[in-house]
Every structure is written in C-alpha cells, then in structure tokens.
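1. can you look at this prediction? I've put the sequence above it.
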Amino acid sequence: NNSSQLSSLPLQILLYVNGIYYIFYFLATLAMIIYKSQVFSYPDDFLAPDLAVLFLMAILEMPRLYLGFKGNLTEAEAPLGLSLGLTVGSVVLCVYLLLWQTYVLWADVLLNAVLLSAYGLESGLKVTAIAAFVS
C-alpha cells in the first residue's frame, strides 16, 4: 500500500492566490470597462461583448478553481483535467481582453499579463500533478 501524498502544495497555494487575484482582476476590469465607456466614445454594440466576456470568464472561474482544489486534494485526475480544460477557456477569454477588447489600457495589459502568467504556472502544476496521480 503506497500511502505517499501526491497532491501538490504549490498548486493548492496557487489556486488559492488565483482565486483572490481573480476577484481583484474582475473588479478592476469591470471598473475600467465602466471608466472607458464614460471617457471614450464606446460604441454600444462593442460594450456588450466586452462585458459578456468578463462575466463569462467569472462564471468559468468558479468551477475551474473548485475542480482544481477538489482534484488536487482528492488526488483525482478527472476533476483536475476538467479544471485544466476550463483554464484553456479562461486563457482564450483573457487573451480576448488583452488584445481584442474595444479599448486596451496599460492597466489591462498588466492585469491580463499577470493572470495569463498565473494560468500558465497553474497549468504546468496541474499537468505535473495529473502525471503523479496517474503513475
């Protein structure tokens, strides 16, 4: 009977920190979209998609983090794999907000660069954890 612990402490810490950072990211990005809609001539048909992407990302973030926590703590590759899949979706939405939203401010670049770095690090740790659970 192999009783060694395979769950990843760095992954668990990063998931927790990402959860906290995402709340800050969401509020800051929402505030900037509102700011941009007041200061710049923001076409109405462009405001909705930018907001939709932000809210879709927030909706994805909850199961993404939950499955990451659960998969890591229970040493189960399926929830961790699903979390990894949701991370890919979050990365696509993050890249949209970084490159293709109507107005991109330097603060958008900074917030999204930090989030993409965290997603990248987290994904690497998830792949490593899944490999440890499977072996």
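-> That came in fine, so what should we check first?

2. use CA for all of it now, contacts and neighbours both
-> OK.

3. what is the neighbour count of residue 35?
-> Using other CA atoms under 10 Å, the number of residues around residue 35 comes to 11.

4. which element is it on?
-> Residue 35 belongs to helix 9-39 when assigned by DSSP states H and E.

5. tell me how far that helix is from the chain's mean position?
-> Taking CA atoms, centre = their mean, to the nearest Å, one finds helix 9-39 lying 9 Å from the centre of the chain it belongs to.

6. same question for the following helix or strand past it, mean pLDDT?
-> Downstream of helix 9-39, the next assigned helix or strand under DSSP H and E is helix 44-73. The average pLDDT for helix 44-73 rounds to 95.

7. same check, this time on stretch 78-87
-> In this model, stretch 78-87 has a mean pLDDT of 97.

8. which one is the spatially most central residue of the chain nearest to, not counting chain neighbours?
-> Nearest to the geometric centre of the chain sits residue 90, at 5.1 Å (CA atoms, centre = their mean). Closest residue in space to residue 90, ignoring its immediate chain neighbours: residue 57 at 6.0 Å, by CA to CA, 6 or more residues apart in numbering.

9. what's around the one you found, how many residues?
-> By other CA under 10 Å, the residues close to residue 57 number 21.

10. do the same with the one 5 residues further on
-> The tally of other residues near residue 62 (other CA under 10 Å) stands at 14.

11. also the one 5 residues further on?
-> Residues contacting residue 67 under the criterion other CA under 10 Å number 21.

12. what does residue 129 give?
-> Using other CA under 10 Å, the number of residues around residue 129 comes to 22.

13. coming back round to it: and the next element down the chain from the helix or strand encompassing the residue nearest to the centre of the chain?
-> For residue 90, the host element (DSSP H and E) is helix 77-95. Next along the chain after helix 77-95, taking DSSP H and E as the criterion, comes helix 106-134.

14. what about that following helix, distance to the chain center?
-> Distance, centroid of helix 106-134 to centroid of chain: 8 Å (CA atoms, centre = their mean).
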